[in-house]
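Peer 1: what follows is a predicted protein model with its sequence.
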Amino acid sequence: MKHALLYSLITLLFAYQTTLAQDTKLPTNSVYLELGGAGLPYSFNYDFRFDKTKMDSWGMRVGIGGYTTTNESFFSAPIMVNRLFGKGPHYFEIGGGFTFFAFDDKYNDSYCVDGFFDANGNYVCSSYASDNYSFILDVDGSPSVMGTLNFGYRKVPVDGGFMWKVNLNPIFNNNGFWPLYAGIGFGYAF
């Protein structure tokens, strides 16, 4: 009888701890769409915490974005390390990283710099120049890298679900620094 009572008590305690552990699982992962921000025009992102037992900890975000039109195409891949501060559901977020990007501008932005008239009277251009591509800051070529910073607010429900964020994302490269770039994101935390 004592063994049966002890066995029942241990089983009950184990079941209670398992239920408690399941109830306290934090939503340390999220997937979201961000307009603006580190992905430049937009990006789809996966964000996770390195420490699965704490929301206010260091984490990482990786994403992919881009677009294609008749005249141009653009691809971006933001990678950032970030840190959340606060208590659920409200967090202050800081971070830094970089965004790889590539573009193809099919529209001919070149113009004639020097030319001459041939024997038939047609003007022939002997050298062309083209405008540099720019996304807020001038870019030297494709592919390229843009440095990104992140300062913002993130709302993540304590039990997971719909999350959103608003960030100031200063960007920089070898041609300059732009402090007023921003982004807004929304998605699902789990």
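Peer 2: Thanks, I have the structure now. Residues are numbered from 1 along each chain as shown.
Peer 1: just checking, which helix or strand of the chain averages the lowest pLDDT?
Peer 2: Lowest mean confidence among the helices and strands of the chain (mean pLDDT, DSSP states H and E): helix 2-23, at a mean of 52.
Peer 1: buried set for the helix or strand just after it?
Peer 2: Downstream of helix 2-23, the first helix or strand assigned by DSSP states H and E is strand 29-36. Of all the residues in strand 29-36, those buried under the rule 16 or more other Cβ atoms under 10 Å are 30, 32, 34, 36. Backbone N, C-alpha and C define where each C-beta goes, glycine included.
Peer 1: format the residues you listed as TSV; extra columns: distance to residue 157 and pLDDT.
Peer 2: TSV is the format used below for the buried residues of strand 29-36 (distance: Cβ to Cβ, whole Å; pLDDT from 0 to 100):
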residue	distance to residue 157	pLDDT
30	11	98
32	13	98
34	18	98
36	23	94
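Peer 1: now render these as JSON lines, adding distance to residue 174.
Peer 2: Formatted as JSON lines, the buried residues of strand 29-36 follow (distance: Cβ to Cβ, whole Å):
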{"residue": "30", "distance to residue 174": "32"}
{"residue": "32", "distance to residue 174": "30"}
{"residue": "34", "distance to residue 174": "25"}
{"residue": "36", "distance to residue 174": "22"}
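Peer 1: which of those residues lies closest to residue 103?
Peer 2: The nearest member of the buried residues of strand 29-36 to residue 103, counting by Cβ to Cβ, is residue 36 at 17.1 Å.
Peer 1: which residues sit in contact with that closest one?
Peer 2: 42, 169, 181-184 (Cβ atoms under 8 Å, 6 or more residues apart in numbering).
Peer 1: try it again at 7 Å.
Peer 2: Residue 36 makes contact with 181-184, according to Cβ atoms under 7 Å, 6 or more residues apart in numbering.
Peer 1: give the buried subset of the residues you listed as a ChimeraX selection command.
Peer 2: Applying 16+ other Cβ under 10 Å to the contacts of residue 36 leaves a buried subset, and the ChimeraX line that selects it is:
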select :181,183
